[in-house]
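Q: requesting a structural model of the entry that follows:
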Amino acid sequence: MYKFIRLVWIPAALALSACDVQVSDTTPAEFQANNDIGMYKITASASTGALVTPGSLVMFAIGEDNKKVELRQFSDGSFQGLYPTRCHSSFPLQILAVWRLQGLSTRQSLTPLQPRQIKLTEPPLTKEEGFDTAKPSAAKGAKGKGEWEGVVDYRFVTMPMTQIQAAHIEPSSSSAEDVAAARAISVKTPLPMQAPCGDDAKLTLTSTEQRAHGTLDIETDNPGVPRWQTYVEFSPK
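A: As a prediction, this is how the structure comes out:
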């Protein structure tokens, strides 16, 4: 009796698999955020059962708030599309497959059952910046000395608004020369400072010496880049 029941179920299981489409989501788990383009490549592949109508399979990327992007099938069999999003550190992703059975109804599946989160990481911020002090500055410091100004730009793209909470200058090393070179530089921009997504946040520095250098250390409320260091140098070009 047991063997008979098992043999009866085998054809039924085969029939079910012949009606199905097996989807594999091959999209990377994370991308470096690109706010200029704001598009991320979604990729998937699929295998179809024998009863699936040839050429009937269509697939979509389903994202935030049920945003739907159709995936195009390429000659290698893969499905690809570009998912648009800006100013977020991640987005949810599911792959919706829709197909027809020969002489029967339309079916669909969602992979995975719960959305996976695709991570978006902040691109590297400004690593170094130099300022030309060949021309004398008209500004005067507290001690009557000339001052030179320089601006460092930072651009954040994974949050609608990033706050630069603090910034200060540190020596680039513990040597007496570097300590003295950093002492001449200060941060002029009032902080905290709001930095809207995709906009250049400008931090102004001043130097009381024509030649000075150090490390600009900033702290933010952005989890993707809570701290960043930029080497800055004032010198005549």
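
Q: hey, let's count contacts and neighbours off CA atoms from now on
A: Noted.

Q: for residue 53, give me its contacts.
A: By C-alpha atoms under 8 Å, 6 or more residues apart in numbering, residue 53 lies in contact with 99, 100, 101, 102.

Q: please redo it, this time with the cut-off set to 6 Å
A: 100, 101, 102 (C-alpha atoms under 6 Å, 6 or more residues apart in numbering).

Q: the residues you listed in strands, which ones?
A: residue 100 (DSSP state E).

Q: quick check: residue 180 is in a helix.
A: Yes - secondary structure of residue 180 (DSSP: H, G, I helix; E, B strand; the rest coil): part of a helix.

Q: can you give the domain ranges for the protein?
A: Domains of the chain are assigned by automatic domain parsing as 21-121, 128-235.

Q: rewinding a little: are any of the contacts of residue 53 buried, and which?
A: 100, 101 (16 or more other C-alpha atoms under 10 Å).

Q: how close does the residue nearest the centre of the chain sit to residue 118?
A: Centroid-nearest residue in the chain: residue 33, 2.3 Å away (criterion: C-alpha atoms, centre = their mean). Using C-alpha to C-alpha, to the nearest Å, residue 33 is found at 11 Å from residue 118.

Q: now residue 44
A: Counting by C-alpha to C-alpha, the gap from residue 44 to residue 118 is 14 Å.

Q: the more surrounded of these two?
A: Remark: of residue 44 and residue 118, residue 44 carries more neighbours, 21 against 18, as counted by other C-alpha atoms under 10 Å.

Q: mind checking pLDDT for the closest residue to the more buried one other than its chain neighbours?
A: Of all residues not flanking residue 44 in the chain, residue 25 sits nearest, at 4.5 Å (C-alpha to C-alpha, 6 or more residues apart in numbering). In this model, residue 25 is scored at 96, pLDDT.

Q: cool, residue 165 as well?
A: Per the predicted model, pLDDT is 98 at residue 165.

Q: who does the helix or strand in which it is found touch, helix- and strand-wise?
A: Assessed by DSSP states H and E, residue 165 sits inside strand 161-170. Contacts defined by 3 or more C-alpha pairs under 6 Å, 6 or more residues apart in numbering; DSSP states H and E place strand 161-170 against strand 193-196, strand 212-220.

Q: contacts for the shortest one next, please.
A: This points to strand 193-196. By C-alpha under 6 Å, 6+ apart, the list of residues contacting strand 193-196 reads 161, 162, 163, 164, 201.

Q: just send those back as a markdown table, with neighbour count and distance to residue 220 too.
A: Shown next, in a markdown table, are the contacts of strand 193-196 (neighbours: other C-alpha atoms under 10 Å; distance: C-alpha to C-alpha, whole Å):
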| residue | neighbour count | distance to residue 220 |
| --- | --- | --- |
| 161 | 17 | 11 |
| 162 | 21 | 7 |
| 163 | 19 | 6 |
| 164 | 21 | 4 |
| 201 | 20 | 12 |
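
Q: if you go through the chain in chain order, where are the helices?
A: 2-18, 176-183 (DSSP state H).
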